[in-house]
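> sequence? don't have it. structure:
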């Protein structure tokens with residue numbers, strides 16, 4: 001028997017990815033499911049450090065025994081359908097998100113969670129389940145997000161290019177092809193500069209000397225960076241694109257979409273507007289409750305954290321401050337019954353495949369994070385097949401202000417056995433009303449079974 005070629009899962013041709021997944025799924029046993037989740041994974045449609053496609057992410061998540069996983073790309077939903085369909089093939093609990101940056105006027109003078117950009121916050125929509133047709137407001141806004149990202153990156157390249165001489169990039173030739181959706185990110189741009197420099201300076205010594213001068217580091221440090229591609233790309237990004245670099249331009253209120261507009265768009269897509277939180281050390285994030293008050297008032301109904309940014313530090317003093325901030329934010333979310341989404345992004349080398357929820361750092365929040373993942377999966381199922389999204393009018397009419405009860409119901413749906421392709425087809429054919437009844441019945445049966453087991 002031939003050895004499966006996992007790289008086929010990352011081919012830019014979607015038909016090759018589908019065929020490879022079908023082949024792998026037919027002859028590779030799935031391991032037992034564990035308790036860890038990763039609900040924030042970037043694919044090659046934005047930037048994945050390993051070049052993984054949505055299909056590859058679903059495969060690795062299932063083979064890694066994750067309880068649930070979610071795709072999360074910047075400014076596009078190109079991988080949404082692929083990821084959700086791959087999850088059905090594999091029997092993986094799944095959801096699909098979108099991340100962007102938005103202007104938060106209430107914090108205009110404070111750095112929030114986008115370093116060097118006062119008034120700018122990362123923000124998400126979680127649990128997208130469909131693409132709206134051309135001509136709809138939802139499609140127009142999604143197109144505007146894509147166009148805005150492309151415009152910012154082209155402008156960034158235009159500011160950097162004059163300072164890099166022979167290593168300057170041609171955006172269409174060198175950058176756009178790095179993303180199969182034609183929407184490369186800032187990280188893709190840095191990868192293009194690294195590749196172009198190797199072409200411009202084929203002699204290793206000349207290449208090291210050029211990077212030493214460009215980055216302001218020693219020759220020895222430049223050689224070390226050249227041996228670690230990801231470290232070189234990150235250093236170039238910090239030096240060229242971020243505050244103080246030749247490509248940096250301070251954002252204006254028009255650089256990014258207003259947070260109010262983004263939240264309204266997410267809700268119109270029947271997805272969940274989501275607060276993102278970095279580590280609590282900036283002025284904008286100094287008060288968890290102030291940030292949550294502001295964004296909840298706009299319509300945000302969940303929160304996202306990358307936990308490793310708060311506990312994985314060697315310096316005990318730094319670790320103590322950041323873990324205290326993590327506790328503050330999680331407790332603030334819990335007191336409001338806001339579902340909490342967690343993940344590792346996988347957009348840089350060295351990041352873990354999933355957070356260890358049984359480890360010392362995250363064990364106190366384990367059930368909160370697992371419930372958050374289950375809510376996102378439950379919302380995805382109920383929105384996709386039963387026209388019953390978490391932020392929708394029907395759920396609001398049923399649960400009102402009782403967010404805890406709402407979370408329990410959606411988490412119960414998310415905790416059902418993973419849906420298969422055949423079961424999904426039956427639900428789709430039955431129509432939303434019958435599908436909702438089927439989910440309610442399954443939730444009741446599982447709850448009854450749990451009660452009987454405890455007797």
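Yep, that arrived. Note that the coordinates shown come from a computational prediction; the quantities given were computed from them, not determined experimentally.
> could you report the pLDDT at residue 447?
In the predicted model, residue 447 carries a pLDDT score of 74.
> where's it, which helix or strand?
Secondary-structure element containing residue 447, defined by DSSP states H and E: helix 432-454.
> so where do the helices sit in the stretch 351-455 of the chain?
Per DSSP state H, counting those that start in this stretch, the stretch 351-455 of the chain carries helices over the ranges 366-386, 393-399, 403-414, 421-430, 432-454.
> give me the mean pLDDT for the shortest one.
Right, helix 393-399. For helix 393-399, mean pLDDT rounds to 97.
> starting at the chain centroid, how far to that helix?
In terms of CA atoms, centre = their mean, to the nearest Å, the centre of helix 393-399 is found 27 Å from the chain centre.
> what residues of it count as buried?
Neighbour-count burial for helix 393-399, counted by 16 or more other CB atoms under 10 Å, picks out 395, 399. C-betas here are computed from N, CA, C, even on glycine.
> who does residue 69 form a beta bridge with?
residue 38, residue 94 (DSSP bridges).
> single out the most deeply packed of the helices of the stretch 351-455 of the chain.
Mean neighbours per residue, mean count of other CB atoms under 10 Å, is largest over those for helix 366-386, with a mean of 25.
> doesn't residue 98 belong to a strand?
Yes - counting by DSSP: H, G, I helix; E, B strand; the rest coil, residue 98 is located in a strand.
> mind pulling up the pLDDT for it?
Listed pLDDT for residue 98 reads 98.
> show me what contacts the nearest residue to it once chain neighbours are set aside?
Residue nearest to residue 98 in three dimensions, not counting chain neighbours: residue 125, with 4.9 Å by CB to CB, 6 or more residues apart in numbering. Contacts for residue 125 (CB atoms under 8 Å, 6 or more residues apart in numbering) come out as 97-98, 262, 265-266, 269, 271-274.
> repeat the analysis, applying 6 Å as the threshold.
Applying CB atoms under 6 Å, 6 or more residues apart in numbering, we find residue 125 in contact with 98, 266, 271.
> tell me the one of these nearest residue 137?
residue 266 (12.3 Å; CB to CB).
> and the chain, what are its domains?
Per automatic domain parsing, the domain ranges recorded for the chain read 6-130+269-454, 147-240.
> tell me which of the ones you listed sits nearest to residue 254.
Nearest of these (CB to CB): domain 6-130+269-454, 7.9 Å.
> return the distance of that closest one from the chain's centre.
Distance, centroid of domain 6-130+269-454 to centroid of chain: 8 Å (CA atoms, centre = their mean).
> swap in stretch 154-170?
28 Å.
> export the helices of the stretch 351-455 of the chain to CSV and tack on distance to residue 158?
Formatted as CSV, the helices of the stretch 351-455 of the chain follow (distance: least, CB to CB, whole Å):
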stretch, distance to residue 158
helix 366-386, 38
helix 393-399, 45
helix 403-414, 45
helix 421-430, 46
helix 432-454, 48
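> re earlier: most tightly packed of the domains of the chain?
For these, the highest mean count by mean count of other CB under 10 Å goes to domain 6-130+269-454, at a mean of 19.
> coming back round to it: which of the domains of the chain sits closest to residue 139?
Proximity of the domains of the chain to residue 139 was assessed by CB to CB; the nearest stretch is domain 6-130+269-454, lying at 9.9 Å.
> arrange the domains of the chain in JSON lines, one row each, with distance to residue 138 as further columns.
Below are the domains of the chain laid out as JSON lines (distance: least, CB to CB, whole Å):
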{"stretch": "domain 6-130+269-454", "distance to residue 138": "5"}
{"stretch": "domain 147-240", "distance to residue 138": "15"}
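> rewinding a little: the residue nearest to residue 98 bridge partners, please.
Under the criterion used (DSSP bridges), residue 125 bridges to residue 98, residue 273.
> now do the SS call for the spatially most central residue of the chain.
Geometric centre of the chain, nearest residue: residue 72, 2.9 Å, by CA atoms, centre = their mean. Of the three states, residue 72 takes strand according to three-state DSSP.
> residues in contact with it?
Residues counted as contacts of residue 72 (CB under 6 Å, 6+ apart) are 40, 97, 99.
> what about 8 Å?
Taking CB under 8 Å, 6+ apart as the test, what residue 72 contacts is 39-42, 96-99, 124, 343, 345.
> where's the residue nearest to residue 98 relative to residue 200, distance?
Noted for residue 125: a distance of 40 Å to residue 200, by CB to CB, to the nearest Å.
> would you map the helices across the stretch 51-200 of the chain?
54-63, 80-90, 137-160, 186-200.
> elements contacting the third one?
In other words, helix 137-160. strand 93-103, helix 186-200, helix 259-268 (3 or more CB pairs under 8 Å, 6 or more residues apart in numbering; DSSP states H and E).
> switch these over to CSV; also include distance to residue 169.
Output for the helices and strands packed on helix 137-160, formatted as CSV (distance: least, CB to CB, whole Å):
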stretch, distance to residue 169
strand 93-103, 23
helix 186-200, 5
helix 259-268, 30
